[in-house]
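Engineer: pasted the sequence and its predicted model underneath.
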Amino acid sequence: MTPQVLICDVSGTPRAWADDQTGACYYARKKVQWEIGSHVKTFLGGHNVKAEQSQIDVMSILGVTGPIFEKEWYDRETIYAERMILYARDRHLCAYCGHVNGVRSLTIDHVQPRSKGGKNTWMNTVTACKSCNVAKADRTPEQAGMLLLYVPYSPTVHEKMVLKNRNILGDQMDFLMTRVPKHSRLWIDYKPN
């Protein structure tokens, strides 16, 4: 699997994961303001009148200007579109029984049920296995007599980027982890390069 390119705005805030071809397009459109990290791929183009071949070397982390794909993804409050990120945030661990489950056995549970005014936000949702979600039903954990094993939290932009991509290069991970809060669950498995 080809590694993806981390696309940042010019201030260094990560905004999207892109394939190497999209990375090359940022170069071709002269949108790349800075680049760091490792070399991902070289694209070769045509030859000019002097028989020189054009080439674009794509680096693993790019700071670009102008519109950035998927920017609205980071500004969303609801979590349904980020189901896999929620599961990754909670480490596939049921918030009630503590069992680690596969994606097909997991559900999204609203700590404060939607029927009682609960919202679809990061702070009101946790990962739950199907049986615990059914047992909790339309009640709060207190009403259901079920202990919440961990507290939900809103991941930062940097955490979302780590949780979204499963094929992160070492330099990209180091770049992102420098801005992940020290209390994040991501620090459990992180080993700097």
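Structural biologist: That came in fine, so what should we check first?
Engineer: surely Gln112 touches Asn124?
Structural biologist: Yes. Using CB atoms under 8 Å, Gln112 makes contact with Asn124 at a distance of 5.5 Å. Placement of C-beta: from N, CA and C, glycine included.
Engineer: least trustworthy helix or strand in this structure by mean pLDDT?
Structural biologist: Least confident helix or strand, the chain: helix 71-75 with a mean of 48, by mean pLDDT, DSSP states H and E.
Engineer: SS state for the closest residue in space to Met146 that isn't next to it in sequence?
Structural biologist: Closest residue to Met146 apart from its sequence neighbours, by CB to CB, 6 or more residues apart in numbering: Tyr96 at 4.9 Å. Put simply, Tyr96 is coil when judged by DSSP: H, G, I helix; E, B strand; the rest coil.
Engineer: number of nearby residues for Tyr96?
Structural biologist: 22 (other CB atoms under 10 Å).
Engineer: go on, the one 10 residues further on?
Structural biologist: A count of nearby residues for Leu106, using other CB under 10 Å, gives 22.
Engineer: residues contacting it?
Structural biologist: By CB atoms under 8 Å, 6 or more residues apart in numbering, Leu106 lies in contact with 87, 92, 94, 127-130.
Engineer: how about Thr2, secondary structure?
Structural biologist: Note that with three-state DSSP, the state of Thr2 is coil.
Engineer: what's near enough to touch the spatially closest residue to it that is not a sequence neighbour?
Structural biologist: Using CB to CB, 6+ apart and skipping residues adjacent in sequence, the residue nearest Thr2 is Asp20, 5.9 Å away. By CB under 8 Å, 6+ apart, the contact set of Asp20 is 2-5, 40-41, 43, 58.
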